[in-house]
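**Student:** When you get a sec, could you give me coordinates for this:
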Amino acid sequence: MRLYAYWRSSASWRVRIALQLKGLDVTIVPVNLLHSEQKGEGHRARSPLGQVPVLELADGTQLTQSLAIVQWLDATHPEPPLVPVEPLAKARAWALAEVVNAGIQPLQNLSVLGAIDAMGGDRKEWGRQVIRDGLVGLQRLAEPHAGSFLVGDTVSVADLCLVPQLYNARRFGVALDDLSLLTEVEARCAALPAFQAAHPDRQPDATASRT
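**Tutor:** Numbering: from 1, shown residues only. Alright, predicted model coming up:
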């Protein structure tokens, strides 16, 4: 398999964690978002929206959208499961994942920040506010059912979304002191080899630049 990805893309990062947890070998094919490689014809043939990640299977089939890829991985490589089996726990895991996937990350991605710049806004302040608001809501939703991880005591798709988002939060200078549930879960994830191997700094296109 090949994963077309950018080292610091949170969506790519989620899929890397899933692949590591499943013990699957994959070749990383870097797509440099800062150099607009995602907008080229070659990548748009894989992803019409010009996004990462894209997971290319051995037979050439290409899958897009990080949570759809995670769902496919869970269906085809069920151990360890990334989505709970029990219906309520499953719904909670997907809900928390979507808070990040649909409610936070898209509001602070490169295209939105570029639009904020074009309108004369402060991209850093915008990003800081939308991330902060989203994480506060995420913690409130997670509190009643969290254990060692966001949904009980097993890693789930919700944790795959949490870890990259907290990384982005720190880049934007978001205050996290009162979000201890989230940061404690993050620390437990960070102790796991799969999360360590998936970290941006361990990727082939990682750069000394932190722009």
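
**Student:** got a pLDDT number for residue 109?
**Tutor:** You'll see residue 109 listed with a pLDDT of 89.

**Student:** Also the one 5 residues further on?
**Tutor:** Per-residue confidence for residue 114 comes out at a pLDDT of 93.

**Student:** what's the next secondary structure element after the host helix or strand of it?
**Tutor:** Following DSSP states H and E, one finds residue 114 within helix 110-118. Remark: after helix 110-118, the chain's next helix or strand is helix 123-142, criterion DSSP H and E.

**Student:** chain center to the helix or strand just after that next one, what's the gap?
**Tutor:** Counting by DSSP H and E, the next helix or strand C-terminal to helix 123-142 is helix 157-171. How far helix 157-171 lies from its chain's middle: 6 Å, per CA atoms, centre = their mean, to the nearest Å.

**Student:** immediately after helix 157-171, which helix or strand?
**Tutor:** helix 180-190.

**Student:** Distance check, residue 44 against residue 38.
**Tutor:** 8 Å (CB to CB, to the nearest Å). Bear in mind the C-beta positions are built from the backbone N, C-alpha and C, glycine included.

**Student:** and what of residue 70?
**Tutor:** 20 Å.

**Student:** just residue 22 next, same as before
**Tutor:** 25 Å.

**Student:** Which residues belonging to the helix or strand bottoming out on mean pLDDT in the chain are considered buried?
**Tutor:** Least confident helix or strand, the chain: helix 110-118 with a mean of 93, by mean pLDDT, DSSP states H and E. Within helix 110-118, the residues that qualify as buried are 112, 113, 116, counting by 16 or more other CB atoms under 10 Å.

**Student:** quick one on the thing from earlier: looking at residue 22 and residue 38 now, which is surrounded by more residues?
**Tutor:** residue 38 (23 against 19; other CB atoms under 10 Å).
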